[in-house]
Structure formats: structure tokens, C-alpha cells
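Chemist: Mind looking at a prediction? Sequence and model below.
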Amino acid sequence: MTTDGTPDVEAVDISGTAAEPSAAAALGVFGRFLTLWVALAIVVGVALGQWFPGVPDTLSRYEYANVSVPVAILIWAMIFPMMVQIDFGSIVGVGREPRGLVVTTVVNWLIKPFTMFAIAWFFLLVVFSSFIEEPLAREYLAGAILLGAAPCTAMVFVWSLLTRGDPAYTLVQVSLNDLIMLVAFAPIVVFLLGVSDITVPWDTVALSVVLYIVIPLAAGYATRVWLLRRKGRGWFDDVFMKRIGVVTPTGLILTLVLLFAFQGDVILDNPLHIVLIAIPLTIQTVFVFFIAYRWMRVWKIRHAVAAPGALIGASNFFELAVAAAIALFGLQSGAALATVVGVLVEVPLMLALVRYANRTRDRFPTTGPVAARPAPS
């Protein structure tokens with residue numbers, strides 16, 4: 001860190017002896033046990049739907065333009081703390097080390113959505129056709145498509161920390177991702193859903209993008225700028241971000257409880273489907289990681305850029321995927337269930353990839369050009 005509290009963006013020397021942060025310290029109680037919390041949310045949600053059906057029935061009445069108002073509020077609660085961390089000014093000056101951004105961008109937007117579609121289609125509609133009826137399999141495929149079209153935003157900062165990544169460069173990668181997501185998410189989703197013979201109106205997808213990307217992104221940016229000017233970076237990082245840290249996990253868990261209250265019958269009738277959905281999602285995650293990671297190694301990109309960049313594509317912006325699935329297909333849809341399975345498998349799988357990246361650190365350069373350092377005053 002610099003003296004004013006901002007990250008020092010010089011190339012990270014990872015050959016030193018500084019202790020590597022533990023997964024426990026970086027993830028915190030919620031992140032460390034995310035899979036457990038999701039599993040508990042499944043149990044509580046299913047029990048709520050079965051024992052108190054009036055609760056989800058009542059909440060489902062509060063809708064506007066086919067969007068659940070309670071769910072929208074919870075989704076905003078999940079996304080806003082992530083968006084307020086994004087500093088789009090960090091994009092300026094990355095020209096000194098552009099190759100990491102090239103790999104991340106190409107993999108995220110020209111490879112990942114289409115490999116997700118291909119892998120999920122093959123398993124859900126071909127390999128597992130004896131276990132899943134085709135209409136439901138296509139709903140699961142729609143959920144997988146939504147996951148594939150939304151590369152990770154928030155958790156990447158954790159993966160970057162665990163792999164001793166360059167924090168400033170990671171911020172640039174995430175910021176660029178968000179800018180591209182504003183214009184690319186809807187067209188990619190509509191195209192792939194159309195290929196899958198799933199008809200979704202453009203206006204519905206556009207509404208999802210506005211509700212769950214544009215609005216929270218604009219609100220997060222405005223809040224960030226205002227607070228930095230009024231309180232300073234130290235207060236923003238050490239006080240504000242810690243105070244709102246509980247908002248995202250609370251919103252996520254409450255959303256999942258509500259989602260599974262509607263999904264209870266599906267889960268109780270088809271528990272095998274959870275496992276079947278998880279298989280292509282797992283294969284896709286590992287496959288995309290190794291494409292990006294190997295490409296970075298061939299280009300001799302330093303590990304502090306390569307590891308976080310590969311992990312961005314491997315993980316998903318599951319909050320957006322869940323929100324879009326609910327808005328497009330409803331709380332009770334197979335698409336919504338598939339996106340939640342993505343949440344269930346992501347953390348343990350990503351931690352395994354983090355461990356692999358750390359074990360293979362010596363295969364990459366340890367230093368490189370400065371990513372983005374302001375000129376001295």
C-alpha cells in the first residue's frame with residue numbers, strides 16, 4: 001500500500017518469503033463456508049415452501065413487469081457492495097502490460113459463453129437424456145448459459161489475494177469486464193438461448209441488464225465517488241466497506257431461501273438433478289481455467305497477472321446469473337435452479353484451482369512491467 005492508502009500497483013515480486021494469506025483469512029466466515037450456507041439455505045427454503053406455503057405465495061404477488069420486487073431488492077443488496085468497489089479510473093495506464101487483459105477478455109467473451117453452451121448442451125440433452133426430460137433439460141441449459149455469459153466480479157479479489165496477484169491489475173481486469181458486460185451480456189444470452197430453441201424477448205433481457213447491472217453499477221460508482229471525496233480512502237476502505245460487508249452474504253442467503261421455497265417440489269422429486277447439473281458446470285470451470293492459464297504461460301505473463309486472470313473466467317458472476325434467471329424464467333424454473341447449483345459448486349472448486357495455481361507459480365515469470373503507476377508529482 002502507498003502512504004495515502006491506495007494499492008501499490010508496481011509489479012509484484014512473488015519470489016520473496018512473505019507468508020501467503022490463508023484461505024480462511026481471505027474468505028472470512030461466510031466465504032469460507034459458502035457451500036455450507038448454500039446447503040443450509042436449500043434446507044430452510046425447501047422446509048419453508050413445504051411447511052409454510054403461504055409465505056412464498058404471498059411474496060410472489062409483489063411483481064412489476066414480471067419482476068419480483070422482493071427478489072429485486074435482495075439482488076440489489078447482493079450486487080451493490082461489489083459495484084461500489086469498482087474504480088473505472090484504474091483502466092487508464094494499463095497499456096504497459098496489455099497481454100493479460102487480452103487473454104482475459106478473449107477467454108471471457110469469445111470462448112467461455114460458447115464452451116459453456118456446448119458442454120452443458122452435450123451433457124444435459126445428450127448424455128443425461130435418460131434422466132432428465134427434454135423441456136426441463138433445456139431450462140437447465142438456459143441457466144448454464146446465464147452463468148457462462150457472466151464472468152466473475154467480486155470473488156476474483158479473493159482469488160487474487162490467495163494467489164498473491166497484482167491487486168491493481170486485478171481491479172483493471174474486473175473493471176473492464178463490467179464495462180463489456182454492460183453491452184455484451186444481453187446479446188450473448190439472447191443468441192445462445194435462441195440456438196437452444198428457448199425464446200426470450202429482448203425487452204426482458206434488457207430489463208434484467210438495466211436492473212441488475214446498470215442501476216447498481218451507477219449507484220455504486222456515484223456512492224464511491226461521493227464517499228471518497230467526503231471521507232477519504234482510508235475511511236472508505238476501513239469503515240464503510242467493512243460495514244456493508246454483511247449485506248452481500250445476507251442478500252444472497254435470503255434470495256436462495258426464497259428461491260428454494262419455490263423449488264422445493266423439484267428438488268424433492270429430482271435430487272439426482274442437482275448432481276447432474278453440477279457435472280457440466282464443473283467440467284466447464286476447469287476447462288476455461290486451463291485455457292486461460294496455459295495461454296498466459298505461453299505468452300510468459302507474470303504469475304501475479306496470470307493466476308487472477310485465469311480465475312476470472314473460471315468463476316461466475318453468479319449473483320447476476322441468479323437474478324437474470326429469476327427475471328427471465330421465474331423463481332420456480334429449472335434455469336433458476338441451475339444457476340443456484342453454480343453457487344453450490346463454485347467455492348470448493350475455485351479453491352482447488354487456487355491451490356493448483358500456487359503450486360505452479362514457478363512456471364511463470366515473477367516480475368514484469370509496471371501495470372499502472374501514476375507519474376510522480
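Modeler: Thanks, I have the structure now. Please read all numbers here as calculations on a predicted model, not as lab measurements. Residues are numbered from 1 along each chain as shown.

Chemist: from what I can see Ser160 touches Leu311, true?
Modeler: Yes - counting by C-beta atoms under 8 Å, Leu311 is a contact partner of Ser160 at 7.5 Å. C-betas here are computed from N, CA, C, even on glycine.

Chemist: the strands in this protein, which residues?
Modeler: Here the chain has its strands, by DSSP state E, at 63-64, 67-68.

Chemist: neighbour count winner among Ser160 and Leu311?
Modeler: Taking neighbours as other C-beta atoms under 10 Å, Ser160 and Leu311 compare with Leu311 leading, 30 against 26.

Chemist: hang on, Phe318 packs against Glu346?
Modeler: Yes - at 6.5 Å, Phe318 counts as touching Glu346 under the criterion of C-beta under 8 Å.

Chemist: Now for the closest residue in space to Trp37 that isn't next to it in sequence: which residues touch it?
Modeler: Leaving aside its chain neighbours, Trp37 sits nearest to Ile253 (5.8 Å; criterion: C-beta to C-beta, 6 or more residues apart in numbering). Contacts for Ile253 (C-beta atoms under 8 Å, 6 or more residues apart in numbering) come out as 37-38, 41.

Chemist: Can you tell me how far Ile253 is from Pro151?
Modeler: Distance of Ile253 to Pro151, computed by C-beta to C-beta, to the nearest Å: 23 Å.

Chemist: And Asp237, by the same measure?
Modeler: 25 Å.

Chemist: For the protein, which residue occupies the most central location?
Modeler: Nearest to the geometric centre of the chain sits Phe317, at 1.9 Å (C-alpha atoms, centre = their mean).

Chemist: Now that one: phi and psi?
Modeler: phi -80, psi 70 (degrees, to the nearest 10).

Chemist: Looking at the closest residue to it other than its chain neighbours now. What's its pLDDT?
Modeler: Among residues not flanking Phe317 along the chain, Ala150 sits closest, at 3.9 Å (C-beta to C-beta, 6+ apart). Confidence at Ala150, expressed as pLDDT, is 81.

Chemist: What of the one 5 residues further on?
Modeler: At Met155 the predicted local distance difference test score is 69.

Chemist: now the one 5 residues further on
Modeler: Turning to Ser160, the model gives it a pLDDT of 79.

Chemist: What does Ser129 show for phi and psi?
Modeler: Recorded main-chain torsions at Ser129 are phi -60, psi -20, according to degrees, to the nearest 10.

Chemist: Understood, closing this out.
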